[in-house]
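# how does the following fold in three dimensions:
(2 chains)
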Amino acid sequence: MFLKGRVWKYDQQVRATDIVPSRYDFLKLTDWTECSTHVLEDLDPGFRTAVRPGDLIVGGIGFGAGHAHYYQQAFEGPRWLGVGGFLAESFDPIFLPSALGAGMPCWTVPGILGIVNHGDEVECDLATGTIKNFSTATTTRVRPLAREAIEVLEAGGLDQLTLRKLGLAATA
Amino acid sequence: MKMTMSHKILSAATGKEVSPGDVINAPVSGVAVHDSAPLGIFDTHPDLRVWDPSKIVICYDHFSRTKMAEYHGRFRAFIREQGIPPENVFTTGRQGLSHQVPGEEGFVLPGTVYAVFDTQGATLAALNCFAFTSLWTTPSTMALGTALLVVPEVVDIELTGQLPPGLTSKDLTFHLQAILGEQLAGHVVEFRGSGIASLSIDQRLGVSNAANNIGVLTMIFPGDEILEEYLRPRVRAPYEFVSADPGATYAWTASIRLDDVPPLVCGPHDIDLIRPLDEVLGLPVDAAFLGSCSAGRLEDLALAASVIGDRTIDPSVRLIVTPISTEVMRKATEQGIIASLTAAGAVVTPAGCGACYYANASPLLLDDGERCISSSVSNAPGRMGSKTAEIYLSNPAVVAASALEGRIADPGPYLTGVKSLMKKAS
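Modelled structure (predicted):
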C-alpha cells in the first residue's frame, strides 16, 4: 500500500483540536464538507486552499491527542479535503485505532520530523517501510505499518473488514 | 520475558506474546456502550449480530436533550434484536455511567481486556484490568469480540505516602499531567507502591479516568485487599489479579510522593492549563458543577457535603450535583449527603453525565461570559454551553467551597483540622 503526496509538516504535537478547532463541534452535525473548511484553521490558515489530494500531514509525538469527543472531525475533515494520511513520531493511542478504523492511514514513524521537510514530495510504501523523498532524492527505511493495520486500510476501514470477516455484504 | 501488567493481559487475551508497536485484534471480556453511542454497522446491517449478547452492557447516562427519544428508541430496538439480557441494560431508574456501572455491577474482572465506547473508558482500569476507550471501533468490537489495538509502551509510576486532606484524585491527575504529561503521551501507565493503599476505589477510578486527558491509553492499578473487598460482593465470575513481573521492562519509571501533590485547578479553555489553586482564588463564579465520571462518586459527594456542612451556598451561584450512578445516588441518600446538599441550595439531578457536556439533559447550561467551577473532565470552549463561558476544573472540595463563597475558594477553612489546602511557604 502506497501513499504519495506533498508533506505538510508541523514540528510539534498536532492535537485533534489543532486539526479542527473545538469551537466547531461536529459531534451532532456530521457535515464533513463544512468540517473540512476548518482544517488546521488556527495552526496553518493557508492549508485549506493549498492542500492537494494525497498530501500528507506530518506531526510530532501524540498526534491526534485531546478529548476524544473531537477525534472524528479530526480525521473526517482532512479526509474530505483529500489528505492521504497522517505520519507522526507517535500517535494518541485512542485516536490511532479510531482514525485507522475509519480507513485513514496513520503511520508511526519515529524520527519522521528529521526524514521529511515541509513541502517535500514523498512516496511511502507502508508494507515495506520505505519512504522515497523525491525532493531530497533520498530513500529511508523505517518500521513497516503492521500487516493487521494494512488489512484494515485495504478493506476500506474496520467496519468493512468486520463485515467481510463475518461473510456479510459490504456497505454500499 | 518478564512482563508488565498490560503485556500480560494482552498476551493472555491474544494467546501470543505481544510487544510494543504490535497491532493486535485483542479478544475482549466485555463491551460497554452508552445511550448516544453510534451503532454503525448494526444500523446498516440488520442481520449483523453481536458476538455474545451476555457480554454487552448498555448504560443510559448521557440523556441527550435533542436525541433522547430517537436514540433511546433505537437502543431499545437494538437490545431486543440482539437478545441482550435485561440485567445488562442500565436504563432509566438503574442508570449510570458506562465506565462506572460495569464495575459496580461486577461485569469487569481483573486481568481482562474491557472495551468502553466512551472517551473516558480507561476509568475501569482501576479494577486491575486493561480497560480502554474503543470509540469508533466499538461496533466492530461488538460484532467480533475483538478490539483493534496498538500495543503501547508502559510507564511504571510508583506512588508513596498519602494525599493531604481535602485533595483527591483530581489534584493527583492534574499533577501527573503537569509534570509528566508530554512524556506520557501514547503510553500506558501502571501504578505500584505503598501509596496505593491510601487511595480508595473511588479515588483510583477517578485517577484512571484521567487517562484520556493525559494522553495515555489506560492507567492500570494492581490488585490488593481494598480492591478484593470492593469486588467480592459484585463480581459475576471468578478472577485472579494480574501483577507485573519483578524486573519487567518499562519505557521509563517515575515516583510520586502523594503528600507533595498540591491543590490544582485546570483551565479555562485548555485542558493542559494546570495551575495552582491559589493563582485563581477569588475569581467570581456563576455556577458550580459536582459530578461526572471524574468526580461524581460517593466519596466525592461526601467530601463536598463535609465542606458545605450546614451552610447555604451563595445566592448568586447555581450548584448542580449529578451522582455518577444510581448506586451512588442511593448510598448518598441513605447517608444524608443528598439532604445536606439540597438543604444548602444545590439542585441534585438523577444520575448521569449531567452538565459535563452541553447536549445532555441538565439544568445547568452556561451563558456568555459566565464562569463555572466544575469537577468534570473537559473545559473546552462551549463544552458546558456558551463558547465564551469559562470552565475551571477542580476537586469536589474546591467546587463546594466556591459555591459557598461565590468565588473560587480554598476549602481548607471548612474542613475539620485543615486551615488551608495551600501549604505554608517555608
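
# chain A: helices as residue ranges?
Counting by DSSP state H, chain A has helices at residues A:16-19, A:32-36, A:47-50, A:71-81, A:95-101, A:112-115, A:147-155, A:158-165.

# which other residues reach the second one?
Residues lying outside helix A:32-36 but in contact with it, judged by CB atoms under 8 Å, 6 or more residues apart in numbering or on different chains, are A:20, A:24, A:26, A:48, A:73, A:76-81. For every residue, glycine as well, the C-beta is placed using N, CA and C.

# could you redo the last one with a cut-off of 7 Å?
A:20, A:24, A:26, A:73, A:76-77, A:80-81 (CB atoms under 7 Å, 6 or more residues apart in numbering or on different chains).

# out of the helices of chain A, deepest packed?
helix A:95-101 (a mean of 28; mean count of other CB atoms under 10 Å in any protein chain shown).

# if we can go back for a sec, closest one to B:Y60 among the helices of chain A?
B:Y60 sits nearest to helix A:71-81 of all these, at 22.0 Å, using CB to CB.

# which other helices and strands does that closest one contact?
Packing partners of helix A:71-81 (3 or more CB pairs under 7 Å, 6 or more residues apart in numbering or on different chains; DSSP states H and E): helix A:16-19, helix A:32-36, helix A:95-101.

# now chain A, which segments are flagged as low pLDDT?
A:27-29, A:170-172 (pLDDT under 70).

# let's see 50
A:172 (pLDDT under 50).

# near chain B, which residues of it?
By CB under 7 Å from any CB of the partner chain, the part of chain A that sits against chain B consists of A:22-23, A:25, A:28, A:61-62, A:65, A:67-69, A:71-72, A:90-94, A:96-98, A:101-102, A:143, A:146, A:148-149, A:152, A:158-159, A:162-163, A:165-166, A:168, A:171.

# try 6 Å this time
Residues of chain A lying close to chain B by CB under 6 Å from any CB of the partner chain are A:22-23, A:61-62, A:65, A:67-69, A:90, A:92-94, A:96-98, A:101, A:146, A:148-149, A:158-159, A:162, A:168, A:171.

# among the helices and strands packed on helix A:71-81, which comes closest to B:M142?
Closest approach to B:M142 among the helices and strands packed on helix A:71-81 (CB to CB): helix A:95-101, 13.1 Å.

# surely B:P263 is in contact with B:P276?
No - using CB atoms under 6 Å, B:P263 is not in contact with B:P276, being 7.1 Å away.

# let's have the helices of chain A in a markdown table, adding distance to B:N88.
Converted to a markdown table, the helices of chain A look like this (distance: least, CB to CB, whole Å):
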| stretch | distance to B:N88 |
| --- | --- |
| helix A:16-19 | 31 |
| helix A:32-36 | 34 |
| helix A:47-50 | 45 |
| helix A:71-81 | 27 |
| helix A:95-101 | 24 |
| helix A:112-115 | 44 |
| helix A:147-155 | 29 |
| helix A:158-165 | 22 |
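
# part of a helix, is B:L227?
Yes - assignment of B:L227 by DSSP: H, G, I helix; E, B strand; the rest coil places it within a helix.

# one step back: who has more neighbours out of B:P263 and B:P276?
Applying other CB atoms under 10 Å in any protein chain shown to B:P263 and B:P276 shows that B:P263 carries more neighbours, namely 27 against 14.

# and residue 114, what is it in contact with?
Picking chain A for this. Residues in contact with A:G114 (CB atoms under 6 Å, 6 or more residues apart in numbering or on different chains): none are found.

# that's the other chain; I wanted chain B
Contacts of B:Y114 by CB under 6 Å, 6+ apart are B:29-30, B:108, B:124, B:129, B:131.

# what about the closest residue to chain A within the stretch 201-350 of chain B, how many neighbours?
Closest to chain A within the stretch 201-350 of chain B is B:L217: 3.6 Å, counting by CB to the nearest CB. B:L217 has 29 neighbours, counted by other CB under 10 Å.

# which parts of chain B sit against chain A?
By CB under 6 Å from any CB, the part of chain B that sits against chain A consists of B:23, B:41, B:44-45, B:119, B:133, B:135-137, B:140, B:143-144, B:148, B:150, B:152, B:185-186, B:212, B:215, B:217, B:378, B:380-381, B:387.
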